[in-house]
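Participant: A predicted structure for the sequence below; I have some questions about it.
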Amino acid sequence: MTPTGTDLLLPDETTPGEVIDELRARLSLREGETSERDRRFYDTCDGLVRAAGLTFVHESSRAALVALDGGQEQASMAAPEPPERVTAAELEPGALREALKAIVGVRALLPVARVHSTRHAFGVLDPGEKTVVRLALEEPVAVASPNRRIALAPRIRVTAVRGYDKELARVHATLVADLGLTVAGRSELDEAILASGGTPGGVSAKVDVALAKDERSDVAVASILKRLAEVMEANLPGTIADTDPEFLHDYRVAVRRSRAVMRELKRVFPPEQLARFRVELRWLQQLTGPARDLDVYVLDFDELRSGLEEPARSDLEPLLRVLRDRRAVAHREMVWALRSERAAELSAQWPAFLRGLVTLPVEDRPDAVRPIGELAGERIAKVYRRMVKMGSAIDDSSPAESLHELRKQGKELRYLLELFGLALHPGDVVKPLVRSLKALQDTLGRHQDREVQTATLRSFSDDVATLPGGPAALMAMGILIEHLGEDERAARAEFAERFAAFAAPDQRRLVRKTFGA
Amino acid sequence: MSRVLATYNIKGGVGKTSAAVNLAYLAARGGASTLLWDLDQQGASTYLFRVRPKVRGGVRKLVRRKSDVERLIKGTDYERLDLLPADFSYRHMDLALDAAKHSTDRLARVLEPLRGEYDNTFLDCPPSISLVSENVFEAADALLVPIIPATLSSRTFEQLEELVRGGPQVLAFFSMVEVRKSLHREVMARLRAAHVTMLGAAIPSADEVERMGVERAVVAEIAPGSRGALAYEALWWDVRRRLAAAQRSIPS
């Protein structure tokens, strides 16, 4: 059992010295060390480390993953200088890298706070002079920047010594009832993040918008799209700075979801403006596409390569170079476009339009005032039916194109279910539907990805050929293309089974019953 | 990483408890969560850590795993260092083990639920050859054996190696060394030449080591930087080095 700590705050207008004097008068204390600490804390922008109950901290030439409650260290490594950015992939192989990878995947950790503190340690002794509770007076200062230091409230951390629960309760009661200390509502780290202008827990890309079934559709749609616009905005700086690939991914998902909403619920918008914003958002989608495709390629490279035997595996190195070069170019072009005036105008006008949507006349947008429960249900049922029809027509002789078209509809349905279905309809119907849809989409996605990857690989062959080791790399790419082809065929063979589960009679009946005719 | 280290010798009064307590302290100070199980009915390490020598339910329940071992553990004055205390009933540990099924791996089973929690578990063993020591050999990854450099110590060492053959790694070190005695110097040189497993670090017979019982604290706290304190640090470093080397030589 990890000894957990409780942080207590001092009563107003009481100095730490006064509290210590009071403590000495009431408890038998052994003075421990006084230490100065300078800690830098890191997390992903969406707070994945904190959500796992941990924090990543750099202190005196060491970086470590530490439990938030008791300070128990999970893994650590030597790090002479505090890093500017941390990714699991760039760490030395070892326990810290593995632990971090399991929590944050490809996400990068950035500094969230720096805390300079003085810590006076004490042991509370029993009559046998045995330490039964540990106390530490912390006097923290958040260092927001070299010239901006914010003193945080001093706190006393009470840490249990295992097997001395009664003594702990007694000391806690003395501190709270007799000395007037109060349990801190926020951790020292969260206080420091707030003081430095950040958000404890980070900013999530989730779209948790509460909806009511009888709400006006334009109100519901606007609130979902506003949240998606926020997600785009929040992920833009990380996309431009290339902090980690998830920023661009989350940005693109938000754009794609927004476009799906506009397409599926078009009659809540005035047609002219809708047409204009659809063009603009499609532009965003397209300009970010090549960079994302190449991100995926670089991220998947190791897995792709692992399918090969030596020496083909090492022969593939020139391909990675071409991928990285192309990725860098694609990223530069994307950044240039995202910084353009057109993009800036869009990021100002789109949320403004959404804010004003409900005040616009409703004559040319007949669905605006319909209840969202009814409208979203109708759309979900319609897209589902369309998919069943399209999928049923697919057999072994159908062209690949028909599977791609089905996948597009699948994305549409998935967004409708995730954005509206889960909020408005019973979870026991929506969740299984989402699950069978996901399984189908995975198969369809693999089928299409392999086809695209094969084509992309072929398009790289000229560049790869000119590099040292090019011919060997081309041979290895040949094997890779063969493997991709096999996987594409395997995905195609899986399709029938996955589709059957998705379009099963029971499921169809349930969709009809839940979402209307 | 979770390992069990036992300080063991057939003979008593050779510095087992001092080694267990000081090494466990150094392990915890180095950042590793550490448990010390005082298996000796005399409860010397329990006394040193100022913990009451009491195990609720006694040894019989403990070895049959009828007690919740996690609730029997006590924190010490040192962070990350916990103690499973001694109990007077440990004098009947042999009988309790004998009466239970799987009588030679009972202690290993008691430790099982704690494996994920502690990086190091030290067993401070009573001096004997008994069912208790058989259990210790079963549970431990290595035996840390203090040896006083005297005429018969070579024989003690050989007996021990014979006893645990195929069991845990044996890491012996000289204890209570008086460098001024020529006999000590001679025996040490002879044994080190004959046994490569003998560790380089040696614990001196020093005032600060003896004062542990009076001050009820570890040597590093009584006399930081003293000969005794440095000797334990050297010993801990040596032990870890040997364990790491043994780890590497195991074919994966």
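Facilitator: On my side now, so go ahead.
Participant: contacts, neighbours, all on C-alpha from now
Facilitator: Noted.
Participant: close to chain A, is stretch B:50-57?
Facilitator: Yes. Interface with chain A: stretch B:50-57 contributes B:50-51 (Cα under 8 Å from any Cα of the partner chain).
Participant: quick one, helices of the stretch 1-150 of chain A?
Facilitator: A:16-26, A:48-51, A:95-104 (DSSP state H, counting those that start in this stretch).
Participant: Please identify which of those is closest to chain B.
Facilitator: helix A:95-104 (10.5 Å; Cα to the nearest Cα).
Participant: circling back to that earlier point, got JSON lines for the helices of the stretch 1-150 of chain A, with distance to residue A:144, mean neighbour count and mean pLDDT too?
Facilitator: Shown next, in JSON lines, are the helices of the stretch 1-150 of chain A (distance: least, Cα to Cα, whole Å; neighbours: other Cα atoms under 10 Å in any protein chain shown; pLDDT from 0 to 100):
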{"stretch": "helix A:16-26", "distance to residue A:144": "24", "mean neighbour count": "14", "mean pLDDT": "90"}
{"stretch": "helix A:48-51", "distance to residue A:144": "19", "mean neighbour count": "20", "mean pLDDT": "94"}
{"stretch": "helix A:95-104", "distance to residue A:144": "25", "mean neighbour count": "17", "mean pLDDT": "94"}
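Participant: got a markdown table for those helices, with distance to residue A:170 too?
Facilitator: As requested, these are exported to a markdown table (distance: least, Cα to Cα, whole Å):
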| stretch | distance to residue A:170 |
| --- | --- |
| helix A:16-26 | 11 |
| helix A:48-51 | 31 |
| helix A:95-104 | 37 |
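Participant: Next, count neighbours for residue 35.
Facilitator: Went with chain A since none was named. When neighbours are defined as other Cα atoms under 10 Å in any protein chain shown, residue A:35 has 11 of them.
Participant: Let me rephrase: I mean chain B.
Facilitator: 28.
Participant: One more: residue A:268?
Facilitator: Neighbours around residue A:268, by other Cα under 10 Å: 25.
Participant: who touches it in this structure?
Facilitator: A:217-218, A:365-369 (Cα atoms under 8 Å, 6 or more residues apart in numbering or on different chains).
Participant: can you list the residues that contact the helix or strand that contains residue B:95?
Facilitator: Using DSSP states H and E, residue B:95 falls within helix B:93-99. For helix B:93-99, contacts defined as Cα under 8 Å, 6+ apart pick out B:59-60, B:63, B:103-104, B:106, B:130-132.
Participant: all strands of the stretch 51-200 of chain A, in order?
Facilitator: A:54-59, A:62-67, A:73-78, A:110-125, A:131-145, A:148-151, A:155-160, A:182-183 (DSSP state E, counting those that start in this stretch).
Participant: any residues touching the shortest one, and which ones?
Facilitator: The one in question is strand A:182-183. Residues contacting strand A:182-183 (Cα under 8 Å, 6+ apart): A:6-11, A:176.
Participant: so for that strand, what's the average pLDDT?
Facilitator: Confidence for strand A:182-183, expressed as mean pLDDT, is 94.
Participant: Please state the offset of that strand from the chain centre?
Facilitator: Relative to its chain's centre, strand A:182-183 lies at 33 Å (Cα atoms, centre = their mean, to the nearest Å).
Participant: before we move on, the earlier item: rank the strands of the stretch 51-200 of chain A by pLDDT, which is bottom?
Facilitator: Among those, strand A:73-78 scores lowest, at a mean of 87.
Participant: That one to strand A:54-59, inter-axis angle?
Facilitator: Using axes from the mean of the first three to the mean of the last three Cα atoms, to 10 degrees, the inter-axis angle of strand A:73-78 relative to strand A:54-59 is 30 degrees.
Participant: In terms of secondary structure, what does strand A:73-78 contact?
Facilitator: strand A:62-67, helix A:95-104 (3 or more Cα pairs under 8 Å, 6 or more residues apart in numbering or on different chains; DSSP states H and E).
Participant: So what touches the longest helix along chain B?
Facilitator: Secondary structure assigned by DSSP state H gives helix B:227-249 as the longest helix of chain B. Defining contact as Cα under 8 Å, 6+ apart, one finds that helix B:227-249 is touched by B:19, B:22-23, B:26-27, B:171, B:199-204, B:206, B:208-209, B:219-220, B:223.
Participant: Low-confidence regions, the chain specifically.
Facilitator: Reading this off chain A. A:1-4, A:70, A:517 (pLDDT under 70).
Participant: that's the wrong chain, I meant chain B
Facilitator: B:1, B:249-252.
Participant: Next, the angle from the lengthiest strand in it to helix B:227-249.
Facilitator: Looking across chain B with DSSP state E, the single longest strand is strand B:169-177. For strand B:169-177 against helix B:227-249, the angle by the same axes, to 10 degrees is 170 degrees.
Participant: and strand B:169-177, what other elements does it pack with?
Facilitator: Looks like strand B:169-177 contacts strand B:142-147, strand B:198-204 (3+ Cα pairs under 8 Å, 6+ apart).
Participant: Tell me how far the last one lies from the chain's centre.
Facilitator: Think strand B:198-204. Worked out by Cα atoms, centre = their mean, strand B:198-204 lies 15 Å from the chain centre.
Participant: ok, now stretch A:510-517?
Facilitator: Counting by Cα atoms, centre = their mean, stretch A:510-517 comes out at 33 Å from the chain centroid.
Participant: Now do that stretch: everything it contacts.
Facilitator: A:374, A:377-378, A:380-381, A:425, A:429.
Participant: Check which residues of it are buried.
Facilitator: A:511-512, A:514-515 (16 or more other Cα atoms under 10 Å in any protein chain shown).
Participant: rewinding a little: and the helices and strands packed on strand B:169-177: which comes nearest chain A?
Facilitator: Closest among those, using Cα to the nearest Cα: strand B:142-147, at 23.8 Å.
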